[in-house]
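Chemist: Need coordinates for the following:
(one chain, ligands or ions: 2)
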Amino acid sequence: MKEVPELHLEPYTGAQGRIRLPGSKSIANRALLLAALAEGTTVLRNMLDSDDTRHMRAALRQLGVQLQTRDIDGELQVEVQGLGQLFNCPQPQRLFLGNAGTAMRPLCAALAFSQGEFELTGEPRMAERPIGPLVDALEQLGAQITYQQQEGYPPLLIRGQGFSGHSVCIDGSLSSQFISALLMVLPYNQEDTLVTLTGELVSLPYIELTLAMMARFGVEVERISAREFRVPSQQSYQSPQQYLIEGDASSASYFLAAAAIAGGPIRVDGVGLQSLQGDKEFARVLAQMGANVEWGDEFISVSKGALRGGVFDLNSIPDAAMTIATTALFAEGTTEIRNIYNWRLKETDRLSAMAAELKKVGAEVVEGEDFIRITPPQQLQHASIATYNDHRMAMCFALLGFSDVGVTIQDPDCCAKTYPNFFHDFQSVCKK
Ligand SMILES: O=C(O)C1=C[C@@H](OP(=O)(O)O)[C@@H](O)[C@H](O)C1
Ligand SMILES: C=C(OP(=O)(O)O)C(=O)O
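Modeler: Residues are numbered from 1 along each chain as shown. Ligands and ions are numbered 1, 2, ... in the order given. Have a look, this model is predicted:
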């Protein structure tokens, strides 16, 4: 059997410092796609260099988009020559998208209405992550998409063609990414489109992020009600020339929690009150748990408070919610995180993975279908934490480095999905 690499994190005695956050994955992959479709050339600043954005960049290159990257004093910039239209690929293309939901879902929508034949594949886990509600919606507008293995899941074979139809319904109960993906291509429809969202909606701030970024690239969507949008037809994206990608608010959560647990202050730069990302609200949850939080337009700073548990509905911040689950180990009393069913559909089944690993350090855990309840033990135990090829499992369990016994993280390199330098940066704020 192949040996799994491990990283031992000491019992750390404190945490303090300042972190310039890497670019947001969600913003980076949206910006790459919108810049590729836009008229004109766009320079994307503070580009995230991680697996998810590399898959998006490689796919766009394969689809005929010219991207030039340059490193300016440690900042990755990507110059994108916009096509001024959807893709047009005479040769069939096979695109490998790793496990990047933010590449798979939007590219599926964009390619369904581009010219050409496209096969979309990814890592084995991608074939277990649903895409059916998006495909159903695209089919209502005439798309031709075939499931190559299991109905409702990638890999997909797409026969791209133009589209029309004046209304579409889309189920948003499993992932907001389906809605974001659909909205981003609708400006190319022949007719104005009325979009109706069905099901119990999840991860709503990511839809707001999509609308805000579409507007920045020159396309307005009319909001009719909480569940209805009208997208005017035959609009084209326009390059904003330069686009600065915000720091990643989900990545910020590990540092802010470290400060709340172990002292601080820690200040993260690149995300603050002005941020478009819903995960900035993580800092407010920490404040509710007792941490001291200071906000600036483009930074957040946290220092320790007496942490206590509570009951939190974290449906709108599913990624940062994982950091609350491990922060709960350092809080007084029980913490319950509610309304997180779709944790089960992400890089791994995060509800069962989280429950299994929290139990290893001695926590009492109740795993429900869509919630998790965590009561910390008197004394945390040392454990070797399995990470399930899930970057967030690796990153949120790093907080156990602040227990009296430290922690061992298996396969720490899986954090490359969104934050390849995570453990270097994390250790740089920890005190032995
Ligand atoms: O649109 C996005 O950029 C994302 C939406 C969320 O997914 P769901 O909408 O599937 O919850 C989030 O978990 C993911 O990391 C990124
Ligand atoms: C759910 C995540 O990723 P994806 O964009 O692949 O859905 C995540 O980054 O936590």
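
Chemist: List, one by one, the residues from this structure near ligand 2.
Modeler: Contact residues (Cβ under 6 Å from any ligand atom) of the chain with ligand 2: 99-102, 319, 346-347, 392, 418. C-betas here are computed from N, CA, C, even on glycine.

Chemist: Tell me the buried residues within these.
Modeler: 99-102, 319, 346-347, 392, 418 (16 or more other Cβ atoms under 10 Å).

Chemist: Closest one of those to ligand 2?
Modeler: G101 (2.7 Å; Cβ to the nearest ligand atom).

Chemist: The closest one contacts F178, doesn't it?
Modeler: No. Using Cβ atoms under 8 Å, G101 is not in contact with F178; the gap is 9.9 Å.

Chemist: From the residues of the chain next to ligand 2, which land in strands?
Modeler: Using DSSP state E, the subset of the residues of the chain next to ligand 2 located in strands is empty.

Chemist: Who are the contact partners of the residue in the stretch 1-150 of the chain that ligand 1 sits nearest to?
Modeler: As assessed by Cβ to the nearest ligand atom, ligand 1 sits closest to S26 within the stretch 1-150 of the chain, at 3.1 Å. Contact analysis of S26 by Cβ atoms under 8 Å, 6 or more residues apart in numbering lists 102, 206, 209, 248, 277.

Chemist: Going toward the C-terminus from the host helix or strand of it, what's the next helix or strand?
Modeler: For S26, the enclosing helix or strand under DSSP states H and E is helix 25-37. Note on helix 25-37: by DSSP H and E, the next helix or strand toward the C-terminus is strand 41-45.

Chemist: so what secondary structure elements neighbour that next one?
Modeler: helix 25-37, strand 75-81, strand 242-244 (3 or more Cβ pairs under 8 Å, 6 or more residues apart in numbering; DSSP states H and E).

Chemist: Now do the same for the helix holding S26: mean pLDDT, whole number.
Modeler: Averaged over helix 25-37, pLDDT sits at 98.

Chemist: any idea how far L358 is from D349?
Modeler: The gap separating D349 from L358 is 14 Å, by Cβ to Cβ, to the nearest Å.

Chemist: Not counting the helix or strand where V168 lies itself, show me its contacts.
Modeler: In the assignment (DSSP H and E), V168 maps to strand 167-171. Strand 167-171 is contacted from outside by 133-134, 136-137, 140-141, 178-179, 182, 186, 193-199, using Cβ under 8 Å, 6+ apart.

Chemist: Cross those against helices and list the overlap.
Modeler: Judged by DSSP state H, helices contain the following of the contacts of strand 167-171: 133-134, 136-137, 140, 178-179, 182.

Chemist: Out of those residues, which two sit at the greatest distance?
Modeler: Farthest pair in those (Cβ to Cβ) is Q140 and I179. Separation: 13.8 Å.

Chemist: No further questions, thank you.
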